Structure formats: C-alpha cells, structure tokens
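*Asks:* got a predicted model here, sequence first, then my questions.
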Amino acid sequence: MSQKITIPGTTPFDGAEAMKGYALNKMCFSFNHQANRDAFVADPEAYMSQYGLNEQQKAAIRSKQVLELIAAGGNAYYLAKFAGIFGLDMQDIGAQQTGMSKEAFMAKLAAYAQQ
Amino acid sequence: MSQKITIPGTTPFDGAEAMKGYALNKMCFSFNHQANRDAFVADPEAYMSQYGLNEQQKAAIRSKQVLELIAAGGNAYYLAKFAGIFGLDMQDIGAQQTGMSKEAFMAKLAAYAQQ
Amino acid sequence: MAQLIGGLATSHIPAIGKALAKGLQQEPYWKPFFDGFAPVHQWLGEVKPDVLVIFYNDHGLNFFLDKMPTFAVGAAAEYHNADEGWGIPQLPSTAGELGLSWHLINQLIADEFDIVTCQEMLVDHACTLPLKLFWPGHEVAPVQIVPININTVQFPLPTAKRVYKLGQAVGRAIQSWDSDKKVMVLASGGLSHQLEGERAGHINSQFDKQFLQSMVSNPEWVTQFSDLEIVEKAGTQGVELLMWLAMRAALTTAGSGVRQVHSNYYLPISNTATGLLALETLA
Amino acid sequence: MAQLIGGLATSHIPAIGKALAKGLQQEPYWKPFFDGFAPVHQWLGEVKPDVLVIFYNDHGLNFFLDKMPTFAVGAAAEYHNADEGWGIPQLPSTAGELGLSWHLINQLIADEFDIVTCQEMLVDHACTLPLKLFWPGHEVAPVQIVPININTVQFPLPTAKRVYKLGQAVGRAIQSWDSDKKVMVLASGGLSHQLEGERAGHINSQFDKQFLQSMVSNPEWVTQFSDLEIVEKAGTQGVELLMWLAMRAALTTAGSGVRQVHSNYYLPISNTATGLLALETLA
Ligand SMILES: [Fe+3]
Ligand SMILES: [Fe+3]
C-alpha cells in the first residue's frame, strides 16, 4: 500500500501479517465448530501441532495473551473464536490488552460519551 | 446479461443453470476425491440422495447421457469428473452427444485442419 | 421496475445477540440502545419493504484466508446462520431473493465489479442481528434478502472510493430489476471501535458524528480517506463504516434525494459506539 | 524494479498430461504439437525468466459454485496439484513468489480490481501442464509462480474489456515491484473448442488465426466481442482465450512493443485447436 501510516497500538492485518499468522488463524477458524473446540480443550498441544503452529504461536496460545497472539500473526476476527472458548468477552480482552482492570476499561469506554 | 444470443447446440452455464444444477454439480465436484468416487460406484443411489439430486438429475446420472446431464443443470467442468469415473475421454463424450461413432467424431475434428 | 425506497444502517455486536436472547432490552445498560429503534419500527410498518440488500462484513464464519473475497454476493435460496464460536444463540434462516441476486450479479459484472458469487453462504451475526433489531416482533423478519459481503478482515480492503462505486452500481441494478417489489438497502457495521492491540477500546465520537452527518447531506465525504486513515480515526473495526457508505451510495442513484427518518448515536455498547440511521428516498 | 521480459501462451488439455506420462511425444498424433515448442525452449534457455505470472482457469478443482471468484490471485508459498478425478498423473508442486503475490494484490486492489486472495490454492492441469511443456527437461520448472485464476466456469464471465484492463494492471504492477527479477506472463487456455452440447467438437480455425494475429499486432481486437459472442465463435471452452488476452494486455505496458519469438497452431489435439505463442518485450 502506498498509504504509509503507523498507528500506535495498532497492527493492521496486511499481507505480512496474513502470511505470518496463517496456521494460527486457520486453527482459530476451526473453532467455529463445537467438536473442534472440544478437541482443542481436550489436548491443546496436539491440536496446535495438527495445525502446524510455530513455537511463537504455540507459546502465545498457551499464554492466552492477545497482544502475543497478535504479534504471532493472529487476526482479531479469528482470535475472537479462541477467546470464546474461555468465555472471555470483549471487555475482558480489552482490559487484558491495555493492562487495566475490566472495571477501569469499561469506565474508559463510558467516558467517551462525554467526548 | 443484455447480450442476448442463442447459440444452437449450446447451453451457456448462467445463473438459471447454476441454480438448477447446484446439487448435481456439487456431487460431481466431490469426485475430485478417490474415496468419493469409490463411494458413488459402490452405491450410486445412496450417493445421489446424500447430495440431494432431484429426479431429473438422478435419471440423467443413471443414463450417463451428457445431453441429459446438461439439461438437468450440469456444468461441463464438473460433469467431466463424472465421466472420468467411467474412463470416458472427450472424444467418447463428443461422439455420444453428437450421435456419431467415435471414429466419425474424430474424423470430423481432424477435418477442421483443412478449414 | 423495482423501487429503491430507502436505507437502514445499524451497528452489529455479538453481545446484542446475547441481550436479545436474555430479554435485557429494558436493562439500563441496553435500554438507550434498543429504544433508539422505536421510530424506525413504526416507519418500517408503514413502508413495508419486500426485499433487503444487506451490506455486511463476515467475521470469520463463511470466509477464510484461503479464499478471501473483496466483494461477495449471495445467490442462495436460504441463508443459514451457524455457530460462530462464542456462544451467541443461532438465529433462524432467512429466505433469499434469487431473482434479484442474479440480476445484481449480471449487472455488477457487466459494470466491471469482480465479485464472488455464493450459492451457499453462512451468514453471521452481522447479517442476522439487524433483522432482529428492525423487526423485533417477528421470529423471522418479513423480508427476503440478498447479502453482499465486503472484506474488512484482511488488508488491503477495498478503498472507500471503490465501495462507494459498488454501492452506486447496486442502486442502479436494483432499479433496473424487472419486479414490482419494494427494495431497501441495509448497512450492518461500525461505528468507531477497536477490539485489538494496545489501542483496544478506541472510540472517536467526533469522527462518528461527522460521518453520521455526511450520511445525510454529503455522502462522499469519507471517500477522501484511505482505509488506513479510517482505521487511524475510527479504529480497526471502525472500517465497518464502509457498509454504511455502500448503502448510502446506492441511495444516491434513486429519486431526488433522501429524508432522514431517524438516527441515533449511543455509546458504549460492548466496545463500540453504536449508530442507527433510517433514510427514505424522496420521489 | 522488476523487468517484464515477455509472454508465453499455450493450450492446456488433460490428455497432454497423459501423453507426457506415457512418453508419447514422438507418436504421429502428438509430434506436431510437441515439436512446436522447440524454438521456445531455446529462447527460454537464453532469457531465463525467474518468475511467471500465470493466467489460467480452474476446471473445478479449487473453486466451486459456493464461492466462485471472478479473479483470484494466489498468495501461497507452494502450489500443490491434486487429483482432478479423471486420472491425469499428479505433477509436483511449484514454489510461489510471495513478494510478488502481495505486491500484485496491493496494487490490484488500489487499482479497483476486486480480487479474491488465496493463501492456499490447489492448481489444476491448466496451471501445471504449461510448466511441463515449456521446461520439459525439468522435474520442476526452474521458476517461481503467481497464479491468477479467471472464471470461465459460470456466466457472467468477466468481459473481455475487463480482462484486458486486469492484464494491463498486472503488467504495471510487475514493473513497479521492487525486485531485480525477470518476470514473464503466461497464458494457459484456448483456442477454439467446445466439449458439451449438440455442438460438441466445434472448432473455428479462421477465428483462431485472426485471434493469433491480433495477439501480435492488434491486442485489443477481441475486446469488441461479448463473452457470448466469443462462445458463438470459439465454442464454450474457447472463452479460455481470455487468458491470452490478459497476458497480452500485460505486455502492452512494457517496453516499446513485442517481437514474436515463435507461434504454432495445430489441430486437433483431443477436441481442441491448440495454439502456442512466445512474445518478447522490445526495449
Ligand atoms: Fe463487526
Ligand atoms: Fe481448459
């Protein structure tokens, strides 16, 4: 893209990310199906190996840290299905990524109403 | 399409055909895999029902007549995979559709070289 | 020929599906959001569209990176919802309008849009929730649909300029469809929000309000920005406003202009600034 | 910047795969076809392209009617062949050129082509056989590839005018790629033939010869026809000549013109009139 912009705290999912994260995102895409979610929960290591995740991606999945998953090429739309396995909602994930408590994160969102 | 042309002996595979032939073509697409070809050969009726073919499509498959398969919505690219199950080549199929012997069909093709 | 009678736009959020399933519409958190729809319900009851062309973005249910379309047009008799992996209750299937699907496909390809055609297409919450929000009393909304998916998953996204042209082509095609049905265009997406990264939780209500204003009186306004500039202003998922842009562009091809029937802006719902808009085509 | 050094075009036919596997190149039926390639082999040995952008049409291996793209661009590290259902031996995989894939994707979408991007893409005989025909001595052709699929399965196909514009955009993008590699464009398809219907076996060598002539000196000639007009003249599978058109359009963006290195026209092979063309970009 000729449009060269750097946006702090933001990783647009472009070709470089798409290549890097392919195996990770393919695994997360499989989590649309309950049977696959069950198989992952039953044996995460085997499931990750089946999808060919690299070491960085496996470590990020084990950590459940969204920032690490993004650094490993994860795409927000597919990663959300991984988060769904643990019943995390978008405020849990937002809090985790911004290093805030969930309450503080939600208060920050609500504060935009005064903007 | 605004381009309205009727071409004798030719059925362009357009939206109307694509709707009509969906189940038939989906079954033929499955024949890319040996296991599916084997399953079809083992029990054609069950396999056709599994893919939801209608009666016209089932009759056309039973008949192995390409003109009937086209009338039932079949697409040449997918139908070729059905023909492949029976080891039919393009000259066999051409002969069948034009009501010629294979030799006569091949002679007709060769004659174009003098055109 | 078919009539293009107006346009609708709303945010979509998985959490809305859970709120609907649990009947939380009158809870303080949800009430201002759901109450915003009442004037639109009344209008829809009067004008009664037959068919909706729905611009939405798939969230990794039907499309994966092995075959990621820029624009995909549905051509299915029935659109099924399915498990998206995060526990939203599945919604009933919606009937397609096959005649309009193929008319759109033929016209769009003749107009040099390189669309993907989908004779099977699972539709996610972005396609199903707006039907529940606009027709809350119905198990299945009393409309037929043609979904059009616009890529917001992988960059490069289509440019805002290209999306605007797509919308205009869709608007023209609707009005050249040989049918006496009443058609509306619906946009599902936006407004500003960002789910991932250290900037998660980003909202920009000043931008949203400018955008909402432009949707009435200056529809091309956002086409001045690149997709990354839109991300910078509205967040990574804020690019879903491309759906609104396509819807609004379609209306530029109909009648003499638009009348704003209703709009609402409320935040936050989940991590999103929610927008609602209903526009009527003027004769 | 990368150099676009020339273009190649050939028919593809499943039967060629069987002939190659059985070593029938010197049989009377096949000899005139295979012998046609010798001058091109010599030229390729001299100019040694590094990368091929291959315009081809899938025959129902990778794409089905549930998600049928108009234009699909490969972005895979490796392109695998697979069982197509009719007993052609599978050919080895070919390495992708990922840098060029993503450069093309970025440029094409910026240029308002609504492509599908494919990070996994099974390639059929239309993509694999030309590599065997042009590099017969190699187990795997000594090139990296970027396959671009153009829909010939389901109408509406992209118009010839649109395909020409795609080819030009690809040509420009190749030459704006930051690389010192030598790139060629390759077309796999055509010429006149029809496999199905009462008109099966249709060949039109007069049209083919006009088309071949136009490929050298008047590349836009065939864009005057609608796709159905091309079917009328060249047969239902004759529309595969759209691949040639895209290849030739790419070359119009490079250098001062083209020189015909070699061409061959021979029929029938299977039910097809086969064509072969090699063009060199002039400085
Ligand atoms: Fe969304
Ligand atoms: Fe072919």
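*Replies:* Looks like it came in fine. In this text the structure is predicted, and so the values were computed from the model without any measurement. Ligands and ions are numbered 1, 2, ... in the order given.
*Asks:* in chain A, which ranges drop under the pLDDT threshold?
*Replies:* Within chain A, the segments meeting pLDDT under 70 span A:1-3.
*Asks:* one more pass at 50, please.
*Replies:* Residue ranges of chain A with pLDDT under 50: A:1-2.
*Asks:* contacting residues around the residue nearest the centre of chain A?
*Replies:* With distances taken as CA atoms, centre = their mean, A:L79 lies nearest the centre of chain A, 3.6 Å away. Contacts for A:L79 (CB atoms under 8 Å, 6 or more residues apart in numbering or on different chains) come out as A:25, A:28, A:66, A:69-70, C:196. Glycine gets a C-beta too; all of them are placed from N, C-alpha and C.
*Asks:* neighbours around the nearest residue in space to A:I85 that is not next to it in sequence, how many?
*Replies:* Leaving aside its sequence neighbours, A:I85 sits nearest to A:R37 (CB to CB, 6 or more residues apart in numbering or on different chains; 5.4 Å). By the measure other CB atoms under 10 Å in any protein chain shown, the count of residues near A:R37 is 19.
*Asks:* quick check: which element contains A:R37?
*Replies:* According to DSSP states H and E, A:R37 maps onto helix A:34-42.
*Asks:* ok, back up a step: in CSV: the contacts of A:L79, plus secondary structure.
*Replies:* Output for the contacts of A:L79, formatted as CSV (DSSP: H, G, I helix; E, B strand; the rest coil):
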residue, secondary structure
A:N25, helix
A:C28, helix
A:V66, helix
A:L69, helix
A:I70, helix
C:E196, coil
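*Asks:* closest one of those residues to chain D?
*Replies:* Top of the list for closeness to chain D, among those and by CB to the nearest CB, is A:N25 at 9.4 Å.
*Asks:* so how far is chain B from that closest one?
*Replies:* Counting by CB to the nearest CB, to the nearest Å, the separation of A:N25 from chain B is 25 Å.
*Asks:* you'd agree that residue is up against A:I70?
*Replies:* No. If you go by CB atoms under 8 Å, A:N25 and A:I70 don't touch, sitting 11.1 Å apart.
*Asks:* neighbour count: those two, which is higher?
*Replies:* A:N25 (31 against 22).
*Asks:* next one: the more buried one relative to chain C, how far apart?
*Replies:* Taken as CB to the nearest CB, the span from A:N25 to chain C is 6 Å.
*Asks:* spell out which parts of the stretch 1-150 of chain C neighbour chain D.
*Replies:* Proximity of the stretch 1-150 of chain C to chain D (CB under 8 Å from any CB of the partner chain) is limited to residues C:63, C:65-72, C:105-106, C:109-110, C:112-121.
*Asks:* in strands, which of those appear?
*Replies:* Among the residues of the stretch 1-150 of chain C next to chain D, the members found in strands (DSSP state E) are C:71-72, C:116-118.
*Asks:* please identify which helix or strand holds C:V53.
*Replies:* Assigned by DSSP H and E, C:V53 belongs to strand C:51-56.
*Asks:* which strands and helices sit next to that strand?
*Replies:* helix C:98-110, helix C:125-134, strand C:144-150, helix C:160-175, strand C:182-188, helix C:241-251 (3 or more CB pairs under 8 Å, 6 or more residues apart in numbering or on different chains; DSSP states H and E).
*Asks:* buried set for it?
*Replies:* Of the residues in strand C:51-56, C:51-56 count as buried by neighbour count, 16 or more other CB atoms under 10 Å in any protein chain shown.
*Asks:* pull up the pairing partners for that strand, direction included.
*Replies:* Strand C:51-56 pairs in its sheet with strand C:144-150 (parallel), strand C:182-188 (parallel), by DSSP bridges.
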